[in-house]
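*Asks:* my questions concern the predicted model and sequence given below.
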Amino acid sequence: MTDLSTNYLGLNLKNPLVASASPLSKKVELAKALEDAGVAAIVMYSLFEEQITQESKSLDYYLTRGSESFAEALTYFPTWKKFNIGPENYLELISSMKSSLDIPIIGSLNGISSGGWVEYARKIEQAGADALELNIYYIPTDKRFTSVELESAQVELVTDIRSRVSIPLAVKLSPYYSALPNFAKRLEEAGANGLVLFNRFYQPEIDIRTLEVNAQLELSTSHDMLLPTRWVAILFDQIQCDLALTSGVHNEEDVLKAMMAGAKVVEIASELIANGAGRITEILAGMETWMDEYEYQSIRQMQGSMSHKSVAEPAAFERANYMKSLQTFDNRILYPKTLQGD
C-alpha cells in the first residue's frame with residue numbers, strides 16, 4: 001500500500017496536504033469538512049499584528065514611519081473590527097478546533113515587529129495549537145530602512161518568540177531577499193523549525209477613473225508554483241529546517257513536484273476555495289495512482305530526489321537556466337520554421 005505519510009515540524013502527518021491560512025479555517029464546520037476530505041493539518045487564519053496592539057510603539061514605528069506626510073495613506077489600514085476575528089475570539093476558535101478535530105492545528109501570526117507577538121504566541125500555544133506559523137509580511141517603503149535592519153529585526157522576532165514558546169515554529173517568507181540561503185540559515189539558528197515558501201503579496205491596482213488604489217485578490221494558478229519549487233530545491237539539504245511549499249498547488253502533479261524538490265508538505269488554499277474541500281480527496285487519489293504507476297512506495301522515498309543537490313544538472317536551478325530559457329526564446333523568434341520542422 002502506498003505510504004503518503006510525512007513528518008513536518010515534528011508532527012507525524014498522514015499525508016503532505018496542509019490547508020493554508022484562509023477563510024476555510026474561520027469556522028469549525030469548514031475545518032471539519034477539510035479533515036473529512038483527508039487534509040493532514042490546518043493552518044489557522046492569521047491573527048494580524050494590528051489586531052493585537054494598534055497602540056504599541058513598535059507597531060507605530062513600522063506602520064506610520066514615513067507616511068505621516070500623507071494623511072490619506074493611514075486610511076488604508078482598517079480598524080481592528082474590520083479584520084477577520086478579534087484576538088480573544090481567535091484563541092477560542094483554536095480551542096474549539098482542537099476539541100472538534102483530530103488533525104494538528106497550526107496557529108498563524110501575521111506582522112513584523114515584536115509588539116504583542118510574543119504574548120500572543122504564548123496564548124496561541126496555551127489555546128492548544130500544535131505549532132505556530134509566523135507570517136512575516138512587510139514591504140519596506142522607507143529609503144532609510146536597510147535590508148540589514150529588516151533582516152535583523154525579523155531574526156530577532158523569531159528569537160524572541162522561540163524563547164517563549166515550546167511548540168514547533170515555522171516562518172512564512174516572501175521571495176524578496178537578496179541572499180535567501182543565508183537568511184534562511186539565520187532563521188534556523190534563531191530557532192525556526194520550518195520555513196514556508198512563499199507568501200503571496202496581493203498587488204494593489206490603480207483605478208484611472210476613480211483615481212483610487214484598490215485592493216486586488218486573485219487566486220493562484222499552478223504557474224505560481226515555479227518560484228517556490230526552485231527555492232525549495234535549492235535550500236534542501238543546505239538547512240535542517242523542514243520546508244513547506246505554498247502558492248500554486250492545485251493538483252496531484254503539483255504536490256509530487258514539491259515533494260521531489262524537497263518539501264515536507266504543501267500548503268494549499270486557492271484550489272480549495274475555488275473548488276471545495278472534496279479536491280483534497282481527489283488529489284490524494286491522484287497521487288496514489290501516479291505513485292503506483294511509477295513504483296514509488298512512499299512520499300519519503302521521493303522527497304528531495306529532484307533537489308538542487310540530487311539532479312544531474314544542478315545549474316538548471318541557477319543562472320544557466322535563465323540563459324537557456326533566453327536561448328530557447330531567441331530560437332523561436334529567429335528560426336520559427338526550423339522549430340516547426342519545415
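*Replies:* Here it is on my side, so go on. Residues are numbered from 1 along each chain as shown.
*Asks:* when you work out contacts or count neighbours from here on, use the C-alpha atoms and nothing else.
*Replies:* Will do.
*Asks:* mind showing which ranges of the stretch 101-250 of the chain have poor pLDDT?
*Replies:* For the stretch 101-250 of the chain, the stretches with pLDDT under 70 are 112-116.
*Asks:* which stretches in it count as helices?
*Replies:* 117-126, 147-162, 180-190, 226-235 (DSSP state H, counting those that start in this stretch).
*Asks:* mind listing what's buried along stretch 222-236?
*Replies:* Neighbour-count burial for stretch 222-236 flags 224-225, 228-236 (criterion: 16 or more other C-alpha atoms under 10 Å).
*Asks:* which SS class is Ala258?
*Replies:* helix (DSSP: H, G, I helix; E, B strand; the rest coil).
*Asks:* give the contact list for the residue nearest to it when sequence neighbours are not counted.
*Replies:* The shortest distance from Ala258 to any non-neighbouring residue, by C-alpha to C-alpha, 6 or more residues apart in numbering, is to Thr229 (6.1 Å). Contacts for Thr229 (C-alpha atoms under 8 Å, 6 or more residues apart in numbering) come out as 245, 257-258, 261.
*Asks:* same thing with Lys32?
*Replies:* Neighbours of Lys32 in contact, by C-alpha under 8 Å, 6+ apart: 100-101.
*Asks:* so what pLDDT did it get?
*Replies:* Looking at Lys32, its pLDDT reads 97.
*Asks:* quick check: chain neighbours aside, which residue is closest to Val118?
*Replies:* Ile161 (5.3 Å).
*Asks:* buried residues in stretch 202-211?
*Replies:* When neighbours are counted by 16+ other C-alpha under 10 Å, no buried residue of stretch 202-211 is found.
*Asks:* and that stretch, how far out from the chain middle?
*Replies:* What separates the centre of stretch 202-211 from the centre of its chain is 26 Å, taken as C-alpha atoms, centre = their mean, to the nearest Å.
*Asks:* can you give me the end-to-end distance of it?
*Replies:* 19 Å (C-alpha to C-alpha, to the nearest Å).
*Asks:* run through the strands of the stretch 51-200 of the chain in chain order.
*Replies:* 105-111, 131-136, 169-173, 194-197 (DSSP state E, counting those that start in this stretch).
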